[in-house]
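**Q** I'll drop the sequence and a predicted model, then ask my questions.
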Amino acid sequence: MSSNNNSSTLLVPQATAALDQMKYEVAQELGITLSQDGYYGNLLTKDAGYIGGNITRRLVQIAEQSLAGRQ
């Protein structure tokens, strides 16, 4: 078993596109403009935190709904 605990490594590599789409949706909802070319050097740390926090909330909500549906 690998001891790589890198939090940026996706367990499901196919999820990359969905997470990327979610990033742009959340940014748009928050009124934050993201560069389409993937460069985020001009993005405020605060704004990146808002985006990441909202993505995390959504993913937790999706997981909770999924688990609730299994019971």
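**A** Noted; the coordinates are in hand.
**Q** switch to C-alpha atoms for all contacts and neighbour counts from now on
**A** OK.
**Q** report the longest helix in this protein, please.
**A** Once the chain is assigned using DSSP state H, the helix that runs over the most residues is helix 45-70.
**Q** tell me which residues of that helix are tucked away?
**A** In terms of neighbour count (16 or more other C-alpha atoms under 10 Å), helix 45-70 has its buried residues at 48, 50-51, 54-55.
**Q** go on, stretch 34-44?
**A** Of all the residues in stretch 34-44, those buried under the rule 16+ other C-alpha under 10 Å are Leu34.
**Q** And for that stretch, what's in contact with it?
**A** For stretch 34-44, contacts defined as C-alpha atoms under 8 Å, 6 or more residues apart in numbering pick out 24, 27.
**Q** Run the chain-centre distance for that stretch.
**A** 15 Å (C-alpha atoms, centre = their mean, to the nearest Å).
**Q** Over to stretch 36-50?
**A** With C-alpha atoms, centre = their mean, you get 13 Å for stretch 36-50.
**Q** Model confidence score at Ile62, please.
**A** Here, the pLDDT recorded for Ile62 equals 94.
**Q** Now do it against Gly52, distance only.
**A** Distance, Ile62 to Gly52, using C-alpha to C-alpha, to the nearest Å: 15 Å.
**Q** Same check on Ser8?
**A** 12 Å.
**Q** Repeat that for Ser66.
**A** In terms of C-alpha to C-alpha, Ser66 sits 21 Å off from Gly52.
**Q** Could you do Val12 as well?
**A** 18 Å.
**Q** Gly41 in helix, strand or coil?
**A** coil (DSSP: H, G, I helix; E, B strand; the rest coil).
**Q** Angles on the backbone of it, please.
**A** phi -60, psi -20 (degrees, to the nearest 10).
**Q** how far away is it from Arg70?
**A** From Gly41 over to Arg70 (counting by C-alpha to C-alpha), the distance is 42 Å.
**Q** Any stretches of this protein with poor pLDDT?
**A** 1-7, 71 (pLDDT under 70).
**Q** got the contact list for the residue sitting nearest the centre point of it?
**A** Nearest to the mean C-alpha position of the chain, by C-alpha atoms, centre = their mean, lies Ile55 at 4.4 Å. Applying C-alpha under 8 Å, 6+ apart to Ile55 gives the contacts 22-23, 26.
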